[in-house]
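Undergrad: Please work out how this folds:
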Amino acid sequence: MSDPFATLQREHLRCLESRYAGILGALGYDGVLIHSGRPALHFGDDQYANFCSYGHFQHWTGQAGLAHSWLLVRPGQPTTCFLHAPEDFWHLPPQLPEQAWTEHLEIVRVQDAAPPKLGAGRFAVIGDLDSASARDLGAQEGVACNPPALLAALDEGRVRKSAYEIACLAEANRLAGLGHRAARESFLSGGSELEIHLAYLQASRQREGELPYGNIVAIGSHAAVLHYQHYDTAAPPQRHGLLVDAGHRYRGYCADITRTWPGADADPLFATLVDRMHAIKQRLVAAVAPGVDYVELHGWMHRLLGELLAESELVAGTAEAIVESGITRAFCPHGLGHLLGVQVHDVAGRSARDGTPRPPPAEHPALRLTRELEAGMAVTIEPGLYVIPMLLEPLASGPAGRLLNRGLIERLAPHGGIRIEDNVVVTADAARNLTPDIE
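TA: Here you go, the predicted model:
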């Protein structure tokens, strides 16, 4: 079967070879050995935790499930993948897909999980190394384990996506969209959180262990827990609303989509706020372009939330006063979004192009992206509005308490909250929204 992504993937690999050659040459390395990673055993048990390959290994192969394998990159020589595929009757050995990377790279099947011999030269080894490998490699002359300067340079190389990576992100979004539609239908048909989760997995054709992150499936007040991690097996007696934050991984690349839907028992105000949050998200997406400072875009989200809180009469006063008093931060304590790639929260979001750290503003410590946007970046845009008692109660007892419309807030509390999240690629002059219309 022909691979429709083959041409794009070959070009992606050629670009990686050129980029690595420049980085390794500048830092004085003859090559780099990348470990895919190793699954971790639960303490005192013989069962392994869910595993995901190291991001820089996936950057070349797109394989999220290959453990104990190695990738050797040497400028001017074929890039070699040492695939750990032992003969085994307990487990099925890894099966490689029919993709261009398996032809472009040299594949060497090995029985042993030990790192390959590096030979003479100055090499770096990166990834999650066990103590024995780290000791043996570190003892070799000219070998450096996880050198910070190299890691920073390679992280920066993942910030701007190739055409192949964008195509993979788009396909991940398409497949995740199928799951979100099925989740919505399950909710409207009376499904429990567990049933909605299972409907998502079935429609998006994923095993739970293959998800890029644990699905958040929150009915009612559970939506006020930002990373809600449980699935009730029984449907609630009242169905105020549903928040689903769920994605898909395609060839290593992650979709990260959130939708919120009113239920049969929703307050009309909640339904209106959901519509308004969609509109806010659309305005923020339209503002994405090269040169835009993401911190300033995050600040604009708070101003738009201030306007929404004032216009809906949830909070008295002007939008400016609502923001300055810190009220919007209580209603939305998370950041506007983050970089997206082979990791859901992709690397280098808080460092400038030259590697200089760019920490988030003190008043917005959860913001994961502090950079100026550049063409080729893939980012999420995810405004939210929640009723979180532990954040609102301190406000209610302070000077800002007189501005809060406690009656309306109490009406909204059973709904939990709202989050609308799209995945967006920065183009040369604007933005391309990868997330399908799943409203």
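Undergrad: Can you pull up the most central residue in this protein?
TA: residue 344 (1.6 Å; CA atoms, centre = their mean).
Undergrad: Hmm, residue 425 is touching residue 166, no?
TA: Yes - the criterion here is CB atoms under 8 Å, and residue 425 meets it with residue 166 at 5.5 Å. All C-beta atoms are positioned from the backbone trio N, CA, C, and that covers glycine.
Undergrad: Give me the common contacts of those two.
TA: Taking CB atoms under 8 Å, 6 or more residues apart in numbering as the contact rule, residue 425 and residue 166 both touch 378, 432, 434.
Undergrad: Selection in PyMOL covering whichever of the residues you listed are buried, please.
TA: Per 16 or more other CB atoms under 10 Å, the buried members of the shared contacts of residue 425 and residue 166 correspond to this PyMOL selection:
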select buried, resi 378+434
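Undergrad: Need the shared contacts of residue 425 and residue 166 in TSV (columns: secondary structure).
TA: Output for the shared contacts of residue 425 and residue 166, formatted as TSV (DSSP: H, G, I helix; E, B strand; the rest coil):
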residue	secondary structure
378	strand
432	strand
434	coil
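Undergrad: Show me which of the shared contacts of residue 425 and residue 166 is closest to residue 127.
TA: residue 378 (23.2 Å; CB to CB).
Undergrad: I'd like the distance between that closest one and residue 12.
TA: 14 Å (CB to CB, to the nearest Å).
Undergrad: and which of the shared contacts of residue 425 and residue 166 is nearest residue 114?
TA: Among the shared contacts of residue 425 and residue 166, and counting by CB to CB, the member closest to residue 114 is residue 378, at 35.7 Å.
Undergrad: Please, where are all the strands along the stretch 251-400 of the chain?
TA: Counting by DSSP state E, counting those that start in this stretch, the segments of the stretch 251-400 of the chain that form strands are 253-262, 378-381, 384-386.
Undergrad: Tabulate those strands (a markdown table), appending distance to residue 223.
TA: What follows is the strands of the stretch 251-400 of the chain, written out as a markdown table (distance: least, CB to CB, whole Å):
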| stretch | distance to residue 223 |
| --- | --- |
| strand 253-262 | 7 |
| strand 378-381 | 18 |
| strand 384-386 | 7 |
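Undergrad: what's the closest of those to residue 309?
TA: strand 384-386 (8.0 Å).
Undergrad: Strand partners (parallel or antiparallel) of that closest one?
TA: The pairing partners recorded for strand 384-386 under DSSP bridges are strand 417-419 (antiparallel).
Undergrad: what's the next secondary structure element after the partner strand?
TA: Using DSSP states H and E, the helix or strand that follows strand 417-419 in sequence is strand 422-426.
Undergrad: Name the residues that touch that following strand?
TA: 161, 166, 169, 173, 255-257, 281, 285, 288-290, 340, 373-382, 431-435.
Undergrad: Tell me how far residue 329 lies from residue 111.
TA: Residue 329 is 55 Å from residue 111, where distance means CB to CB.
Undergrad: Can you pick out the residue with more neighbours from those two?
TA: Using other CB atoms under 10 Å as the criterion, residue 329 and residue 111 rank with residue 329 on top: 17 against 11.
Undergrad: what's the neighbour count on residue 207?
TA: 7.
Undergrad: My understanding was that it contacts residue 201; is that so?
TA: Yes - contact criterion CB under 8 Å: residue 207 and residue 201 qualify, at 7.2 Å.
Undergrad: Looks to me like residue 19 is in a helix.
TA: Yes - the assignment for residue 19 by three-state DSSP puts it in a helix.
Undergrad: Counting neighbours, what do you get for it?
TA: A count of neighbours around residue 19, defined by other CB under 10 Å, yields 15.
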